[in-house]
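>>> structure of the sequence below:
(one chain, ligands or ions: 1)
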Amino acid sequence: MDGKEVTLAGFAHETRDLGGIAFLVLRDRKGLAQVTLVKKLLGKEVFKMARTISRESVVLVRGNVKAEPKAPRGYEILPSEIRVINAAQVPLPLDPTEKVECELDTRLDARFMDIRRPSVLAAFEIESSVLKSLRDYFYQKGVTEVFTPKIVAAATEGGTDLFPISYFEKEAFLNQSPQLYKQMLMGAGMDRVFEIGPIFRAEEHDTRRHLNEAISIDLEVSFADDKAVMELLEEAVVGAYRYVSENCRYQLEVLGLNLAVPKLPFRRITYTEALDLASEKVGVKMQWGDDLDTETERFLGESIGEHYFLTDWPSSIKPYYTLPYEDRPDVCRGFDLMHPRMELASGAQRVHGYDQLVGRIKEKGLDPDGFEFYLKAFRYGMPPHAGWGLGLSRLVMTMLNLENIRDAVLFPRDRRRLVP
Ligand code: AMO
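Next up is the predicted model:
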């Protein structure tokens with residue numbers, strides 16, 4: 001665009017004053033542009049105003065593009081008009097140019113300004129691309145996108161980690177997972193559904209990978225078993241990596257990342273094999289039927305070094321809706337998708353027989369009466385089905401090597417944070 005007239009609007013990233021000449025750097029989500037202010041060309045008044053624009057003010061500049069080898073990326077703008085649309089107060093709550101580091105809490109308190117930082121913004125733009133890639137994948141596979149209620153009357157996973165809310169004269173809860181609804185939709189003959197939406201967990205975690213509100217990507221497929229939906233899951237994840245590596249070059253550059261696309265298929269390791277591997281490590285003594293603790297997970301992640309599936313879990317530690325193997329009912333068709341750093345997804349082939357499901361609910365010490373609305377869908381012809389739930393922020397966090405899940409959520413909700 002050398003020689004062309006352009007109009008730019010953005011934030012005043014910084015000003016540099018060299019006497020008779022000054023630079024105003026404008027920023028928007030696509031990058032920086034150098035506006036060169038020459039006193040002789042602008043006149044004394046405008047020159048004085050322009051070089052004292054406060055950082056982060058919203059500014060409009062009209063002018064001509066000029067190739068200038070010394071300017072960042074080889075171009076500058078010679079302005080004919082400069083207008084402050086909305087001035088920023090001083091001091092700023094944090095430094096959007098990323099030259100000055102700051103604490104996570106300070107950043108989250110002024111999140112709107114934190115997101116102006118190029119590396120913070122890059123992660124959210126990549127997240128949007130991940131979502132696009134996943135949606136495209138589902139549509140290409142003939143999966144129907146659905147929304148299920150987030151205000152519900154009962155727990156999904158049978159635990160106590162629910163947020164109660166008041167719903168007129170009744171007690172209601174924020175839903176932990178679309179699990180029961182996506183299964184009911186298999187009974188409704190919808191065949192293949194996916195949902196991307198919030199899940200709420202009232203767990204008092206204080207970790208780098210748990211939040212109280214998260215976005216989950218849920219899939220459910222009729223006439224599929226656990227093996228079939230694991231293939232869909234690994235393909236969806238690798239597809240997202242590939243899409244990001246091809247379509248988010250600028251954002252990856254901002255993050256200083258060279259994204260490696262994982263290879264298919266992912267390794268499959270049974271729970272029992274995982275226990276054997278872990279017991280090779282001194283100090284990890286686990287019994288069959290124990291849930292894998294963080295230390296074991298870390299050890300497995302380090303020794304495997306890439307995405308892997310953990311399969312064939314003990315029926316006793318997977319939820320009631322997980323289908324046990326017919327010939328060895330103490331083992332079930334549940335699986336977890338693991339990144340070396342953490343769990344990304346869990347899923348299963350589901351129990352589809354009514355009597356077996358009621359039995360499993362009772363085995364878990366739960367009352368089938370509370371599940372009547374769900375169980376009803378299993379009495380009039382329920383296809384066999386399988387599915388999974390994948391945590392969006394964990395996928396993005398591990399893909400971009402972010403330290404904290406809060407870096408992958410615009411406005412995180414945790415034990416201490418309810419604003420902004
Ligand atoms: P699960 O409870 O394992 O399974 O959740 C699925 C995935 O959702 C993400 N996730 C979370 N992310 C951040 N903070 C949290 N507190 C949190 N809780 C869950 C994780 C996790 O792997 N109904 C089943 C899924 C299914 O079987 O289809 C379920 O909800 O990435």
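
>>> CA atoms for contacts and neighbours, from now on please.
OK.

>>> residues contacting D161?
By C-alpha atoms under 8 Å, 6 or more residues apart in numbering, the contact list for D161 reads R201, A202, E203.

>>> burial count for the first one?
Here the count is done by other C-alpha atoms under 10 Å, and R201 has 20 residues near it.

>>> now it. Nearest residue, chain neighbours left out?
N212 (4.8 Å; C-alpha to C-alpha, 6 or more residues apart in numbering).

>>> that neighbour - how many residues pack around it?
Around N212 there are 22 other residues, counting by other C-alpha under 10 Å.

>>> ok, now F200?
The number of residues packed near F200 is 21, by other C-alpha under 10 Å.

>>> would you mind measuring from it to the ligand?
The gap separating F200 from the ligand is 7 Å, by C-alpha to the nearest ligand atom, to the nearest Å.

>>> wait, isn't that residue in contact with I165?
No. Assessed by C-alpha atoms under 8 Å, F200 is found out of contact with I165, at 12.0 Å.

>>> shared neighbours, the two?
Jointly contacting F200 and I165 under the rule C-alpha under 8 Å, 6+ apart are L174.

>>> list phi and psi for T36.
Phi and psi for T36, reported as degrees, to the nearest 10, are phi -100, psi 120.

>>> can you pull out the strands in the stretch 101-250 of the chain?
Using DSSP state E, counting those that start in this stretch, the strands of the stretch 101-250 of the chain run over 144-145, 151-152, 163-167, 170-174, 192-200, 213-222.

>>> the first one pairs with which strands, parallel or anti?
Yep, that's strand 144-145 we're talking about. strand 192-200 (parallel) (DSSP bridges).

>>> CA atoms of the partner strand as PDB?
The C-alpha trace of strand 192-200 is given here as PDB (Å, rounded to 0.1, in the frame of the first residue of the first chain):
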ATOM      1  CA  ARG A 192     -25.200 -37.800  16.800                       C
ATOM      2  CA  VAL A 193     -25.100 -34.700  18.800                       C
ATOM      3  CA  PHE A 194     -22.500 -32.200  20.100                       C
ATOM      4  CA  GLU A 195     -22.700 -29.300  22.400                       C
ATOM      5  CA  ILE A 196     -20.200 -26.600  23.300                       C
ATOM      6  CA  GLY A 197     -21.200 -24.900  26.500                       C
ATOM      7  CA  PRO A 198     -20.500 -24.200  30.200                       C
ATOM      8  CA  ILE A 199     -20.300 -26.700  32.900                       C
ATOM      9  CA  PHE A 200     -20.400 -25.800  36.600                       C
END
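
>>> stretch 142-162 near the ligand at all?
No. Using C-alpha under 6 Å from any ligand atom, stretch 142-162 never reaches the ligand; the gap is at least 6.9 Å.

>>> again with stretch 399-409
No. Stretch 399-409 stays clear of the ligand (C-alpha under 6 Å from any ligand atom), getting no nearer than 7.5 Å.

>>> residues of that stretch that come out buried?
The neighbour-count criterion (16 or more other C-alpha atoms under 10 Å) identifies M399, L400, L402, N404, I405, R406, D407, A408, V409 as the buried residues of stretch 399-409.

>>> any idea how far the third one is from the ligand?
What that stands for is L402. 14 Å.

>>> excluding chain neighbours, what is closest to that residue?
Using C-alpha to C-alpha, 6+ apart, the nearest residue to L402 is A408, at 7.7 Å.

>>> you'd agree V358 is in a helix?
Yes. Assessed with DSSP: H, G, I helix; E, B strand; the rest coil, V358 lies in a helix.

>>> next one, pLDDT for it please.
At V358, the model reports a pLDDT of 98.
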